[in-house]
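Participant: curious how this folds, go ahead:
(2 chains)
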Amino acid sequence: MPEHDRPTPEQMLARLKTEGEQQPSDQKRGRLKVYFGYAAGVGKTFAMLQNARREKSSGTDVVAGYVELHGRPETEVLLEGMEQLSCLKIPYRGTTLREFDLDAALARKPSLILVDELAHTNAPSQRHVRRWQDIEELLDAGIDVHTTCNVQHVESLNDVIAQISGVVVRETVPDEVFNRADELALVDISTDDLLERLREGKVYIPEQAAKALQSFFRKDNLSALRELALRRAASRVHADVETARLGKATRDIWATQERLLVGVGPSPTSARVIRTAKRLADSLDAEWIAVSIDTPETGQLPPEARARLFANLQLAERLGAETVALTGDDVVAETIAYAQQRNVTKIVVGKSEPAVNRWFFRRPSVVDRLISESGDIDVCVIRGVAEPLPASRFSVKQEFRWQPWGMTAAVMAIATGLSTLWHSLGLSEANLVMTYLLGVVFVAFRCGRKQSVAASILAVVLFDVLFVPPYRTIVVDDVQYVITFAVMLFVGLSVSTLAARIRRQAELSRRNERRAESLYRLGRKLSGINGRNFIAAEAERAINEVLGGDAIILLPIEGNLQPVLPQHIQFVSSASEIGAAQWVYDHSQVAGRGTDTLPSAQSFYLPLLSPNGPVGVLAIRHPDATQLRMPEYRMILENYSTQIAMALDRDRLMLESQTARVEVETEQLRNTLLSSVSHDLRTPLAVISGASSSILRNPEMNGETQRELLQTVFDESDRLARLVENLLRLTQVSSSQFFVEKQWHPVEDVIGSSLRRLEHLIGSRPVNVKMPTEVLMGKFDAVLIEQVLVNLLENACRYTPAGTPIDIVGRTSGSATVIDVADYGPGLTAGDELRIFEKFERGTNAKPDSRGAGLGLAICRAIVRAHGGEIRALNRTGESGLIFQICLPFDGVAPQLNLEDYSASTI
Amino acid sequence: MTELEPTAPLIVVIDDETAIRRFLKASLCNEGYRVKEAETAREGQRLLLQETPAAVLLDLGLPDRDGQELITEFRGWSNVPIIVLSARDQEREKVAALDAGADDYVSKPFHMGELLARLRAALRRTGGVSGGPLSHPRFSCENGQFQIDFSARRVFRAGQEVHLTKLEYELLAVMVKNAGKVLTHQYLLKSVWGPLNIQETHYLRVFVATLRKKIETDASRPKLILTEQGVGYRFADPDE
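Facilitator: Here you go, the predicted structure:
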């Protein structure tokens, strides 16, 4: 196998990537066909419609989404009988704009849609700024699109065409969109024919025609444009052939190992360099990266320059470059380091002016340094207007501050004073020079660069004027002083340069550190927080603090995106804002203010993307829209959003696992309950049906036996009734709506009613109730506490020998009512004190065949705990027996019987 | 059982459970009542309009209509006692049914003896069975251990006179006059203290507790004033 035929690892990787990208979307992406021509009037729309009619007649579901007729009747004829979407009519500055209705198209979802003019710019109220974005969304929705485009709208050809025709075309389409088109249909007629058609008024309506003929439709212009269009189409055909030949490699995959890096600066000429780099990359069939370096100087750039830098990066992105913003102090070193890291083969930079001589030491230009330091990487220097270090082109507009100048003057005055002193003491001049230099060093480190340069010069001048004879003049007698001055100035300026660099580096690292620290802090904080409301609140606070502006986190709550925190609920009032957020959430792309999608929105929206997909949307309201366009601002926001998304995702997963665990526990409990209860239900049922059936079968049965059997049926049904009641209480107590209705009740009252309910079971067993002489009150839900007492008494009856007494003692202990239910049975085995309250547990002393699911005591505990009280089991001291102690706390004062006094008067 | 004389009191049973209807019919006929059954509220309503029952046994959980509504409607034109059949854990529903005009209730599962006692008490009050306690100047229960003389406003416990305050006597009198019937807290408060004090249920409880100390043998195992937890009080059935 010849070496060049084998796919490179990068090719393989890219192929995997494109395959991977296609897989997750269950929906196939639509196909894009572009009817491509060199000028208006060549017949693109006509060709598109003709083809659409053919498609329609062969059964395709075709809809004309938007067709620009330009008043051409022969085109209009073709539209007849074709389904057309109605256009949106948008009033704009006095006129009405016709716009393509994207949402209607998405709702209609035909298999093929015709949308004329790929390069069109939408009206401001539309979702996307540009029509090609609309088309991207249609393609993503799986709809095939046919569209039209002229050669002058292709982004990378934009400057060339501007040169040829002298007309700068504003509406451009990224090459990426163009390249990704599945089919490119060239629509071509000769220039003479086109001019003929134009004169006949077939292209533009007559009054426009003359104007167009003059400016754009000149024969030489059209020929050049036609050539460009043909070339472009040919290169596309070439690429298709190559793709087919190389075997299944997608067009996106770069066949060579070449990789380009282009330096992007805030200069207006940088755009030309970028376009050239794009063409170079195309011709080399190479991947290319656009890099901007964020230095302390760029941080001080005026807003318009920063906006231009960002625009340049966006241009590169539109042209298909990978854009990267790096941070560093040294542009050259950073560029080369990154180039090496990414295996870049060629660096493209704009040619700069010859470097300005700064004072007496020349500083090499960026290009010079790049060439000398780039090693085995080629450096392509593109003709362009100068592009030296950004800082020198864009003077930093800073407010003038007096303090550093004042300090400089003061330091120089002190140095002069000291020098005067040394001079009067007769010390050598070297000491005076050193004193001045000390002053310069001080200024260099404490004040700015301007001050330190000024101080260096001032030091020389002062030394010369004051201490070098002849005094008080700049003139010097001795020529050797020139050397002193020169050395002094050189040292001073070096120190100031060094100091400035150190300060710059310090500032840069401080800034990076601050950023990294705030990010780290946020990450740490978020990792310790549970609950999305708390995460959102913390994240919003952190972003507000670091970036300024309002940050709001929107999460899908019950299917709708909503602000997490209730104080931001007014955000929901604007449906368009929520709509924008929803779009961002659905498409996982940024949108809103400061972007090209939904730019009229009030906020900038950033999707919160976790590895498991979007989890929410981060909305930023910033008073300064240009700030939102800053790459570094965006970068910080992206870092933050990743952190937040991860925290939210973690929280969601945790919640899910918790819910799953609770579900498993509930399921287990249910199973245990069912298996345990079914036994307890089945036994009495078996007795009842057995006993009753035997009575039914033997009508001759003697009276005594029959009575005995009926008594069994009665007893068992009684037991069954209590079991069912306990089960119902359990479901009631464990339900979320369960609520205890605490009221003051005489304890005697519940004891009495529970004893009455168990009359049959207690029978003749003695029950001793010991109560204080005054009425003992407790604050509880009497229905529930009655159930507790019934269960305890039933328990006592069942597990103690018949005839042994049961004691019930009531008393007040502190701010709690205590009720003891005590028996004279065998008591508890040590260790059972807590276990018996667990669901389905029975004491070790319980007979193996004894009934009761152990449900009773579990319910007792649940009820008592719901009252905020405690129930304990303890053995009697001194004698055998078990005491159940119920402790029910109360607040306030028990009602006294003063009712009679006040109500006596009401009678 | 069909040979029952037509003058026997007629009981209308409205319950959707066939088994319950069957055993109620059997037991009630055995006790000398005539029984007509209805499975739904609609049917029951028709039956109540056609017949003149002595009492109605009504299940609250009917499939087609809320039992409460039926009570309210029925009370619009009839004073025939209604005894509600309900589950034990439905205290609110019981109170609501009583407030709507039901006379009494029994909780499922119930003992036939209990139901018959309620029924007897209900019929006694409306005079369905030989006179009511209201017409008697004297009342006794617990085998004569407890006696009350309405005309003299005197109360006796084991032959000894018990001294009650005016309000205690009023309360006791209201309960005794409705002996065997459950009285809700609200009803008692309204009839003894007036309509302004119906929220003071805890005072009523304390009041009853002190009253019990005076008239019961063992206040913690009362035999006269019985507590229906979550609903109200019921005075013991009188001696027949």
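Participant: list the contacts of the residue most central in space within chain B.
Facilitator: The central residue of chain B, meaning the one whose C-alpha is nearest the mean C-alpha position (CA atoms, centre = their mean), is B:Lys181 at 2.6 Å. With contacts taken as CB atoms under 8 Å, 6 or more residues apart in numbering or on different chains, B:Lys181 has the following neighbours: B:Asp103, B:Asp104, B:Arg118, B:Ala121, B:Ala122, B:Arg125, B:Arg234, B:Phe235. For every residue, glycine as well, the C-beta is placed using N, CA and C.
Participant: and A:Asp188, by the same measure?
Facilitator: For A:Asp188, the contacting residues are A:Gly37, A:Tyr38, A:Val42, A:Arg226, A:Ala229, A:Leu230, taking CB under 8 Å, 6+ apart as the criterion.
Participant: what do you get if the cut-off is 10 Å, keeping everything else the same?
Facilitator: Contact criterion CB atoms under 10 Å, 6 or more residues apart in numbering or on different chains gives A:Phe36, A:Gly37, A:Tyr38, A:Val42, A:Gly43, A:Leu194, A:Arg226, A:Ala229, A:Leu230, A:Ala233 as the residues in contact with A:Asp188.
Participant: now, which of those residues lie within strands?
Facilitator: Secondary structure assignment (DSSP state E) places A:Phe36, A:Gly37 from those within strands.
Participant: in the contacts of A:Asp188, find the pair that's most separated.
Facilitator: For these, with distances taken as CB to CB, the pair at the greatest spread is A:Leu194 and A:Ala233 (16.6 Å).
Participant: those two: who's more crowded?
Facilitator: When neighbours are counted by other CB atoms under 10 Å in any protein chain shown, A:Leu194 and A:Ala233 differ, and A:Leu194 comes out ahead with 24 against 19.
Participant: so B:Leu62, which of the three states?
Facilitator: Secondary structure for B:Leu62, judged by DSSP: H, G, I helix; E, B strand; the rest coil, is coil.
Participant: next one: the one 10 residues further on
Facilitator: Taken by three-state DSSP, the conformation at B:Thr72 corresponds to helix.
Participant: give me the number of residues near it?
Facilitator: Under the neighbour criterion other CB under 10 Å, B:Thr72 is assigned a count of 15.
Participant: pLDDT weak spots in chain B?
Facilitator: Within chain B, the set of residues satisfying pLDDT under 70 comprises B:1-6, B:88-89, B:127-136, B:197-199, B:239-240.
Participant: so what are the domain limits for it?
Facilitator: Here the domain assignment for chain B is B:10-125, B:133-235, based on automatic domain parsing.
Participant: what segments of chain B are strands?
Facilitator: Chain-ordered strands for chain B, with DSSP E as the definition, fall at B:10-14, B:34-38, B:55-59, B:82-87, B:104-108, B:138-141, B:146-149, B:154-157, B:160-162, B:182-184, B:225-228, B:232-235.
Participant: still on that earlier bit, distance of the residue nearest to the centre of chain B from B:Ala102?
Facilitator: 10 Å (CB to CB, to the nearest Å).
Participant: give me the common contacts of these two.
Facilitator: Taking CB under 10 Å, 6+ apart as the contact criterion, the residues that touch both B:Lys181 and B:Ala102 are B:Pro81, B:Ile83.
Participant: quick one, phi/psi of the closest residue to A:Arg501 other than its chain neighbours?
Facilitator: Counting by CB to CB, 6 or more residues apart in numbering or on different chains, the nearest residue to A:Arg501 once its immediate chain neighbours are dropped is A:Asp329, at 7.8 Å. Phi and psi for A:Asp329, reported as degrees, to the nearest 10, are phi -100, psi -40.
Participant: need the contact list for A:Asp329.
Facilitator: Applying CB under 10 Å, 6+ apart, one finds that A:Asp329 lies in contact with A:Ile293, A:Thr295, A:Pro296, A:Glu297, A:Arg501, A:Arg504, A:Gln505, A:Glu507, A:Leu508, A:Ser509.
Participant: out of the residues you listed, the closest to chain B would be?
Facilitator: Distance from chain B was checked for each of the contacts of A:Asp329 by CB to the nearest CB. The minimum falls on A:Ser509, at 71.2 Å.
Participant: around the closest one, how many other residues sit close by?
Facilitator: The burial count for A:Ser509: 14, using other CB under 10 Å.
Participant: same question, A:Ala580
Facilitator: Under the criterion other CB under 10 Å, the count of neighbours that A:Ala580 has is 27.
Participant: can you pull out the strands in the stretch 601-750 of chain A?
Facilitator: Chain-ordered strands for the stretch 601-750 of chain A, with DSSP state E, counting those that start in this stretch as the definition, fall at A:604-610, A:613-621, A:743-746.
Participant: now check the last one, is it near chain B?
Facilitator: Yes. Against chain B, strand A:743-746 shows contacts by CB under 10 Å from any CB of the partner chain at A:Gln743, A:Trp744, A:His745, A:Pro746.
Participant: who does that strand pair with, and is each partner parallel or antiparallel?
Facilitator: Each strand that strand A:743-746 pairs with, and the sense of that pairing, follows from DSSP bridges: strand A:777-780 (antiparallel).
Participant: now swap in the longest one and tell me
Facilitator: Strands flanking strand A:613-621 in the sheet, each with its direction: strand A:550-557 (antiparallel), strand A:604-610 (antiparallel) (DSSP bridges).
Participant: identify whichever of those lies nearest to A:Thr812.
Facilitator: Of all the strands paired with strand A:613-621, strand A:550-557 sits nearest to A:Thr812, with 49.1 Å by CB to CB.
Participant: buried ones in that closest one?
Facilitator: Going by neighbour count (16 or more other CB atoms under 10 Å in any protein chain shown), the buried part of strand A:550-557 is A:Asp550, A:Ala551, A:Ile552, A:Ile553, A:Leu554, A:Leu555.
Participant: now pLDDT and distance to A:Ile457 too, for those residues, in a markdown table please.
Facilitator: Rendered in a markdown table, the data for the buried residues of strand A:550-557 read as follows (pLDDT from 0 to 100; distance: CB to CB, whole Å):
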| residue | pLDDT | distance to A:Ile457 |
| --- | --- | --- |
| A:Asp550 | 80 | 49 |
| A:Ala551 | 84 | 49 |
| A:Ile552 | 86 | 54 |
| A:Ile553 | 87 | 55 |
| A:Leu554 | 86 | 58 |
| A:Leu555 | 85 | 61 |
